[in-house]
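Enquirer: Predicted structure and sequence below. I'll ask about it afterward.
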Amino acid sequence: MTGRRFFIFLFTFFSTMTFAQETIKLWPGEVPFSNGKHGKEELLDRGRITNIQEPEITVYLPETDRTTGTAVVICPGGGYRILAMQHEGHDVARWLNSIGIAGIVVKYRLPTSENITQKSEVAMADAQRAVRMTRYHAERWGIDPGKIGIMGFSAGGHLASTVGTHYDYGLSRSEDPIQKVSCRPDFMVLIYPVVSMTEDFSHSGSVKSLLGEKPSEIQKLRFSNERQVTSDTPPTILIHSSDDHGVHPANSIAFYEALNAFGVTAELHIFNSGAHGYGLGRKDGTSHNHWPNTVEAFIRDVKN
């Protein structure tokens, strides 16, 4: 290969690749809700992991010449027992980059890990921290601090909707500058989400993992996010499938109805097919495969 051709090859390669990824610990110092025990993270099949020890984010930034200034914090699902990091995390971030949006994948701690105290709080604390960190680094990452959304799949959808209904505008008394930043998302994208912890359509596995065998009614109510909606809840799009027998679409319907009752901008799309856990889609030509285009349009609508 001649020098000229090699230069053209390098230019083409670097101009089409995703901007350099960066993995950052969420809590570089003392980790909240940790008892100090150190176990071993377990890598399962198909890019799934469990027993997370070190919560972190992986930052995917789009090419600078096509960025929209928007970012999405991504919470993979897994019933609060595992994290489907590949098809509900890294793959989604790369897709977001292809449409000019930064993707921030959260590897959050699970309440089923042995090194966790206050198990119901830990995933929420990690996801809130991910939103704060994205906003704190917004200028450096080329992100508009007013265009930071959160996306979640299945139990990750429950986590995302928890952040969207249990947020603050910054902890002013904290000595940590990142904790002083707002953790309110500017919009939410919920894909086949778990939402309720109280209704008969709630996902029993997620309830058990997050709240334990015998949660109190107060606990269940607190994390039934359709009951926590206010007029200040961020604009939301919900994606579900009619044939989802893992997480009933009634979860999305209940959240949409609550949003609508409070006048919050919301869209609900229930596709005929897809079942559960399909990530970006099964590429089988059926209707649920169109959800990425639907979500892209929604984000442009609410953030332009």
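Expert: Noted; the coordinates are in hand. Numbers count the residues shown, from 1 in each chain.

Enquirer: tell me the SS of the closest residue to residue 137 other than its chain neighbours?
Expert: Excluding its sequence neighbours, the residue lying closest to residue 137 (C-beta to C-beta, 6 or more residues apart in numbering) is residue 143, at 7.7 Å. From N, CA and C alone the C-beta is placed, and that goes for glycine too. With DSSP: H, G, I helix; E, B strand; the rest coil as the basis, residue 143 sits in coil.

Enquirer: Count the neighbours of residue 143 for me.
Expert: Neighbour count for residue 143, taken as other C-beta atoms under 10 Å: 23.

Enquirer: Quickly note the distance from it to residue 199.
Expert: Shown here: residue 143 relative to residue 199, a distance of 36 Å by C-beta to C-beta, to the nearest Å.

Enquirer: Ok, residue 43 next?
Expert: 34 Å.

Enquirer: More neighbours: which of the two?
Expert: Per other C-beta under 10 Å, whichever of residue 43 and residue 199 has more neighbours is residue 199, with 15 against 11.

Enquirer: my read: that one touches residue 224, true?
Expert: Yes. Under the criterion of C-beta atoms under 8 Å, residue 199 makes contact with residue 224 at 7.4 Å.

Enquirer: can you map out the helices along the stretch 101-250 of the chain?
Expert: In the stretch 101-250 of the chain, the helices defined using DSSP state H, counting those that start in this stretch lie at 119-136, 138-141, 155-165, 204-211, 217-222, 250-261.

Enquirer: And for residue 28, the neighbour number?
Expert: There are 10 residues near residue 28, going by other C-beta under 10 Å.

Enquirer: Just to be sure, it is in a strand?
Expert: No. Counting by three-state DSSP, residue 28 is not part of a strand but coil.

Enquirer: okay, it: pLDDT?
Expert: Model confidence at residue 28, expressed as pLDDT, equals 92.

Enquirer: just use 671 as the starting number from now, easier for me
Expert: Let's use 671 as the start, then, which means that last one is residue 698.

Enquirer: all strands for this structure, in order.
Expert: 692-695, 712-713, 718-720, 726-730, 741-745, 753-754, 772-777, 818-823, 858-861, 906-911, 936-941 (DSSP state E).

Enquirer: now these in JSON lines, with distance to residue 958 and mean pLDDT?
Expert: Below are the strands of the chain laid out as JSON lines (distance: least, C-beta to C-beta, whole Å; pLDDT from 0 to 100):
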{"stretch": "strand 692-695", "distance to residue 958": "31", "mean pLDDT": "96"}
{"stretch": "strand 712-713", "distance to residue 958": "28", "mean pLDDT": "92"}
{"stretch": "strand 718-720", "distance to residue 958": "21", "mean pLDDT": "97"}
{"stretch": "strand 726-730", "distance to residue 958": "24", "mean pLDDT": "98"}
{"stretch": "strand 741-745", "distance to residue 958": "19", "mean pLDDT": "98"}
{"stretch": "strand 753-754", "distance to residue 958": "17", "mean pLDDT": "98"}
{"stretch": "strand 772-777", "distance to residue 958": "21", "mean pLDDT": "98"}
{"stretch": "strand 818-823", "distance to residue 958": "13", "mean pLDDT": "98"}
{"stretch": "strand 858-861", "distance to residue 958": "10", "mean pLDDT": "98"}
{"stretch": "strand 906-911", "distance to residue 958": "5", "mean pLDDT": "98"}
{"stretch": "strand 936-941", "distance to residue 958": "4", "mean pLDDT": "98"}
